[in-house]
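3D model of this:
(chains A and B)
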Amino acid sequence: MDIKDSIDSCQIDLTRNCNLTCSFCRQTNESDLPDSMSFYQWSSVITQLKEMDCKMMALAGGEPLMHKDFFSILNLATNTIKEVYVLSNGTLITQEVATRLAEKNIKGLQISLDAFNPALHDKIRGRLGTWEKATRGIKYAVDAGIPVTIRTTVYRDNVQEVASLLEFAHDIGARIYAIRRVIPTGKGGSVDLLKPEELRILFTSLANRAKELNMRLSLGDPFSRFLLNEQTFIEGKVGGCSIGLNILYIAQDGSVLLCPCLPIYCGDVKQESVRSIWRDAKAFSIARSLRSNLQGKCGACKYKFQCGGCRASAYYSTGSICGEDTGCWCEP
Amino acid sequence: MKAIIKVKNVVLPSNFVYNEVRQLNSTSSCSVKLNLSESDTCRICCD
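This is a model prediction of the structure:
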């Protein structure tokens, strides 16, 4: 099937509102887009996505649980889309909320945890008591039978915490431990990023330990997945960065953007159908043509069709959407 | 997030060629060796 006819997955940011002020947040809290989508407009979007064979949806934010219609939208989504995930900071997940989420049969709940040290997590997340609330939320969710992913966004300040977090995720009963480096967008542009070799050592160590624990590990960066996996290169296979290929991102005001971390405007679901934006937006045409136009080491890399690097990382570090992903350790 | 970028302001290389990928092929074998998540494509997720 032509990729213009279907969308595999979609992330919806329901709200910019959040009860935390994280040091690397892609939302800056200054120029954020307003929450201007009604329940009925979200309802229409979800229906349109179903018609385009969308199989996965992630409800995010901000903190999605702060949206006044969160459970109504979740109910609609879980009745319409096969796999629905909720991406949360975990602090608002009480026993009652966990039970309600479990009743909706969500496919997964991702809760952010950036340090095993409570004080450091609280510092990164900008509010005292966040670690305690987040870990309590994780426990409630696990006990309710929800598949939980613990997610860490890693940079210089918390790199020493990651090994402990993997063990914690395993011990508390999380289904997946997920990690990704900070992408330098929003406030993420002002933190100290890890160098490629540091990422390689970190991810290799994590992968080895996850194997020993029989713990599922999700490495968010396109390159890390198969560079560590020794995946066989197959000519013609396309994977990695998904912008314009099989994933759609809609912000809280209905704007369709290439990616949460790369806010290139594609259209507005309040003005146009999802299908017409997906098929005809020039930004998507550019995104679908990127693999043939990559530059630097991404352009020279034999994995460029399987990976493509992170285009947001490339854009903010080189100024070009076609530039090389400077976080990748691969030297073609 | 940073300000919305209008597509007309995205600077493309002078030799940029519109050559759209039209088929996405699954390479789900990557989930085997390391117990990675099912999809080999970049799943957007919140920070």
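
anything in the longest helix belonging to chain A near chain B?
Of all segments of type helix in chain A, defined using DSSP state H, the longest is helix A:196-213. Yes: contact of helix A:196-213 with chain B is found when judged by C-beta under 8 Å from any C-beta of the partner chain, involving A:207, A:210-211. For the C-beta atoms, the positions are set from N, CA and C on the backbone; glycine is no exception.

could you list every helix and strand in contact with that helix?
Counting contacts by 3 or more C-beta pairs under 8 Å, 6 or more residues apart in numbering or on different chains; DSSP states H and E, helix A:196-213 packs against helix A:162-172, strand A:176-181, strand A:216-219, helix A:222-229.

least confident of those, on average?
Here the lowest mean pLDDT among the helices and strands packed on helix A:196-213 goes to helix A:222-229, at a mean of 70.

following it, which helix or strand comes up?
Per DSSP states H and E, helix A:222-229 leads on to strand A:247-250 as the next helix or strand towards the C-terminus.

returning to that earlier point: could you dump the helices and strands packed on helix A:196-213 to JSON lines with distance to chain B?
Compiled in JSON lines, the helices and strands packed on helix A:196-213 are given as follows (distance: least, C-beta to the nearest C-beta, whole Å):
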{"stretch": "helix A:162-172", "distance to chain B": "12"}
{"stretch": "strand A:176-181", "distance to chain B": "6"}
{"stretch": "strand A:216-219", "distance to chain B": "4"}
{"stretch": "helix A:222-229", "distance to chain B": "5"}
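
circling back to that earlier point, what does the longest helix of chain A contact?
With contact meaning C-beta atoms under 8 Å, 6 or more residues apart in numbering or on different chains, helix A:196-213 is reached by A:154, A:159, A:162-163, A:166-167, A:170, A:177, A:179, A:181, A:194, A:215-217, A:219, A:221, A:224, A:227-228, A:326-329, B:34-35.

please repeat the previous calculation with a cut-off of 7 Å.
Helix A:196-213 is contacted from outside by A:159, A:162, A:166, A:170, A:177, A:179, A:181, A:217, A:219, A:224, A:228, A:327-329, B:34-35, using C-beta atoms under 7 Å, 6 or more residues apart in numbering or on different chains.

just the helices in chain A please.
Shown for chain A, the helices assigned by DSSP H span residues A:39-51, A:70-80, A:95-103, A:118-125, A:130-143, A:162-172, A:196-213, A:222-229, A:274-280, A:282-289, A:296-300, A:311-318.

what stretches of the chain score poorly on pLDDT?
If you meant another chain, say so; for now it's chain A. In the predicted model, chain A carries pLDDT under 70 at residues A:27-32, A:225-237.

chain B is the one I meant
Residues of chain B that meet the criterion pLDDT under 70 lie in B:1-2, B:24-47.

burial count for the nearest residue to residue A:187 once chain neighbours are set aside?
Nearest non-adjacent residue to residue A:187, counting by C-beta to C-beta, 6 or more residues apart in numbering or on different chains: residue A:25, 5.1 Å away. By other C-beta atoms under 10 Å in any protein chain shown, 23 other residues sit near residue A:25.

do you know how far residue A:25 is from residue A:36?
20 Å (C-beta to C-beta, to the nearest Å).

ok, residue A:197 next?
Look at residue A:197 and residue A:36: by C-beta to C-beta, they are 44 Å apart.

residue A:6: which of the helices and strands packed on helix A:196-213 is closest?
The minimum distance between residue A:6 and the helices and strands packed on helix A:196-213 falls on helix A:222-229, with 20.8 Å, by C-beta to C-beta.

contacting residues around stretch A:134-147?
By C-beta under 7 Å, 6+ apart, stretch A:134-147 touches A:89-91, A:93-95, A:98-99, A:101-102, A:106-109, A:111, A:113, A:148, A:150, A:172-175.

ok, how many other residues are close to the residue of the stretch 201-332 of chain A found nearest chain B?
Nearest to chain B, among the residues of the stretch 201-332 of chain A, is residue A:288, at 3.8 Å (C-beta to the nearest C-beta). Burial of residue A:288 is recorded as 21 neighbouring residues (other C-beta under 10 Å).

same deal with residue A:192?
Using other C-beta under 10 Å, residue A:192 has 10 other residues around it.

then residue A:71?
Neighbour count of residue A:71, defined by other C-beta under 10 Å: 15.

pull the contacting residues for it.
Here residue A:71 is in contact with residue A:100 (C-beta under 7 Å, 6+ apart).

and the gap between it and residue A:88?
For residue A:71, the distance to residue A:88 - C-beta to C-beta - is 13 Å.

about what we covered before: the more surrounded of residue A:197 and residue A:36?
Neighbour count, other C-beta under 10 Å: between residue A:197 and residue A:36, residue A:36 has more, with 12 against 9.

selection in ChimeraX covering whichever of the contacts of stretch A:134-147 are buried, please.
Listed next is the ChimeraX selection for buried residues among these, using 16 or more other C-beta atoms under 10 Å in any protein chain shown:
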select /A:89,90,91,93,98,101,102,106,107,108,109,111,113,148,150,174,175
